[in-house]
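> Below is the sequence, then the predicted model.
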Protein chains: 2
Amino acid sequence: MTGDRCVILCAGAITAADAAWAAIGPEDFVVAADAGYLRARDLGIRPSLIVGDFDSAADPGDTGVEVERFSSHKDDTDCMLAVRRGLARGCRRFVILGGLGGRLDHTLANLQTLGFLADRGCRGELRGDGAWATLVRGGSLTLPDTGGYLSVFAFGGPCSGVSETGVEYPLRDARLTSGFPLGVSNRFTAPQAAIGVKQGTLLVVTTAKD
Amino acid sequence: MTGDRCVILCAGAITAADAAWAAIGPEDFVVAADAGYLRARDLGIRPSLIVGDFDSAADPGDTGVEVERFSSHKDDTDCMLAVRRGLARGCRRFVILGGLGGRLDHTLANLQTLGFLADRGCRGELRGDGAWATLVRGGSLTLPDTGGYLSVFAFGGPCSGVSETGVEYPLRDARLTSGFPLGVSNRFTAPQAAIGVKQGTLLVVTTAKD
């Protein structure tokens, strides 16, 4: 690992397309979170580190990869353990695979893990189950047309000054709250969409076309 | 309809167990949201009303049930259209089936629909894909042991004075934010769990055991 990117493999489904999208290279710090080491094995990815309490998957045993074992009585999810390891190595960008589309509690916890990263000034992305998610806090983002849907949601509080261009339902200086999903299921109408938020944290989600 | 409960059938998967749990009766106002009318038909449920833009399912045509048709260019999701109809009929309790476990943007929008209801002093519940979700705003809730997992998350802002008893990891006067999923994936240790929040809105989620 020579870069500042941490790729985390969680226990949920990870397709070959997800792995190809992540374009994992030798410069990345790759952490398998608990049963995520099985996903790594299936995909032929060699993690830098395996962490977990191994209550949902057998202990990986001796695979030649460093393993950090934790009690299942802990406040951190397995994904959060992996995030902490990445932060400790100096990573500032996090790509989390296999953390969407399984149990709803896991999905919501992983979205809040993006919040944990944003609180530390780091960029986090989740990808899986045909979806991709990131947070934008008082800033902007440009996204190429995915051919699917683009949604924005207020995250952790209201958002003001929300703008969205290059989409079917553009927004201009809009206010979003957790009480109305105004920004759900937009469609791209340009080669790329631009999203901005002046105040608050915006959850940006793309999903595949049905 | 003689009661104050609205049952909404969304387009996502609805099992016979979901329908049995909802225990729909003649006193309920039952709204099928767009392709939800197909779920109703499959389950032998006769809705009071069908609403939607019918961009993802064929127009239901003449089924003997009132249909309200909307342009697909609208700010409301199909589920939100159904919620507005329920509110207009005086409903105060909402049970939404088939709104979890499909596309992530739909799931998140439906969770924010619970926020819309909470903002109006109404109780909303989502059930589907093995999960159940509701919001508690400055109040408390008692839940019987489901045999699965019980999670609580800060919703729309920080929560303070969060308590949880009857679970493996109890909480006492805790503070939750969207930046750390402290309350995820608890387990019941008593016949019922009690959850409370003094300030803020708590998202309570149960999921089935893997």
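Thanks, I have the structure now. Just so it is clear, the model here is predicted, and its values are computed rather than measured. Numbers count the residues shown, from 1 in each chain, chains lettered A, B, ... in the order given.

> Just the endpoints, please. Distance across stretch A:161-179?
Distance across stretch A:161-179, first residue to last, is 17 Å (C-alpha to C-alpha, to the nearest Å).

> same question, stretch A:9-23
So stretch A:9-23: terminal residues 13 Å apart, C-alpha to C-alpha.

> What is the helix or strand A:Gly200 falls within packed up against?
For A:Gly200, the host element (DSSP states H and E) is strand A:192-207. Applying 3 or more C-beta pairs under 8 Å, 6 or more residues apart in numbering or on different chains; DSSP states H and E, we find strand A:192-207 packed against helix A:104-119, strand A:131-144, strand A:149-165, helix B:104-119. All C-beta atoms are positioned from the backbone trio N, CA, C, and that covers glycine.

> Ok, which of those comes nearest B:Asp210?
B:Asp210 lies closest to helix A:104-119 among those, at 10.0 Å (C-beta to C-beta).

> what angle sits between that closest one and strand B:149-154?
Interaxial angle, helix A:104-119 versus strand B:149-154 (axes from the mean of the first three to the mean of the last three C-alpha atoms, to 10 degrees): 30 degrees.

> So is helix A:104-119 next to chain B?
Yes - shown here: helix A:104-119 in contact with chain B (C-beta under 8 Å from any C-beta of the partner chain) through A:104-109, A:112-113, A:115-116, A:118-119.

> Now tabulate the residues you listed in TSV and tack on distance to B:Thr189 and pLDDT.
Formatted as TSV, the residues of helix A:104-119 next to chain B follow (distance: C-beta to C-beta, whole Å; pLDDT from 0 to 100):
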residue	distance to B:Thr189	pLDDT
A:Leu104	21	97
A:Asp105	17	97
A:His106	21	96
A:Thr107	25	98
A:Leu108	22	98
A:Ala109	20	98
A:Gln112	24	98
A:Thr113	26	98
A:Gly115	28	98
A:Phe116	27	98
A:Ala118	34	98
A:Asp119	31	97
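
> For the strand holding A:Gly200, which residues meet the burial criterion?
Residues of strand A:192-207 classed as buried by neighbour count (16 or more other C-beta atoms under 10 Å in any protein chain shown): A:193, A:195-197, A:200-207.

> Pick out the most distant pair among these.
Longest span within these, C-beta to C-beta: A:Gly200 and A:Thr207, 22.0 Å.

> Going by neighbour count, list what's buried in stretch A:45-52.
A:45, A:47-52.

> same deal with stretch A:116-134?
Here stretch A:116-134 shows A:116-119, A:122-134 as buried, counting by 16+ other C-beta under 10 Å.

> And for stretch A:75-86?
Neighbour counts over stretch A:75-86 (16+ other C-beta under 10 Å) mark A:76-83, A:85-86 as buried.

> and stretch A:46-66 with chain B, contact?
Yes - counting by C-beta under 8 Å from any C-beta, chain B is contacted by stretch A:46-66 at A:Ser56.

> Please spell out the segments of chain A that come in under the pLDDT threshold.
For chain A, the stretches with pLDDT under 70 are A:1.

> Between the buried residues of stretch A:75-86, which sits nearest A:Ile8?
Nearest to A:Ile8 out of the buried residues of stretch A:75-86 is A:Ala82 (C-beta to C-beta; 4.4 Å).

> tell me the secondary structure for the closest one?
Put simply, A:Ala82 is helix when judged by DSSP: H, G, I helix; E, B strand; the rest coil.

> surely it meets A:Val30?
No - in this structure, A:Ala82 is not within contact of A:Val30 by C-beta atoms under 8 Å, at 9.6 Å.

> any common contacting residues for these two?
A:6, A:8, A:49 (C-beta atoms under 8 Å, 6 or more residues apart in numbering or on different chains).

> Pick the one among those closest to chain B.
A:Ile8 (14.8 Å; C-beta to the nearest C-beta).

> State the distance from the spatially most central residue of chain A to chain B.
Most central in chain A under C-alpha atoms, centre = their mean is A:Leu126, positioned 1.8 Å from the mean C-alpha point. Counting by C-beta to the nearest C-beta, to the nearest Å, the gap from A:Leu126 to chain B is 9 Å.

> Please name the bridge partners of that residue.
Beta-bridge partners for A:Leu126, by DSSP bridges, are A:Ile96, A:Ala133.

> related to what we said a few turns ago, mind putting the buried residues of stretch A:75-86 into a markdown table with distance to B:Thr15?
Formatted as a markdown table, those follow (distance: C-beta to C-beta, whole Å):
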| residue | distance to B:Thr15 |
| --- | --- |
| A:Asp76 | 33 |
| A:Thr77 | 28 |
| A:Asp78 | 29 |
| A:Cys79 | 29 |
| A:Met80 | 32 |
| A:Leu81 | 34 |
| A:Ala82 | 34 |
| A:Val83 | 35 |
| A:Arg85 | 39 |
| A:Gly86 | 39 |
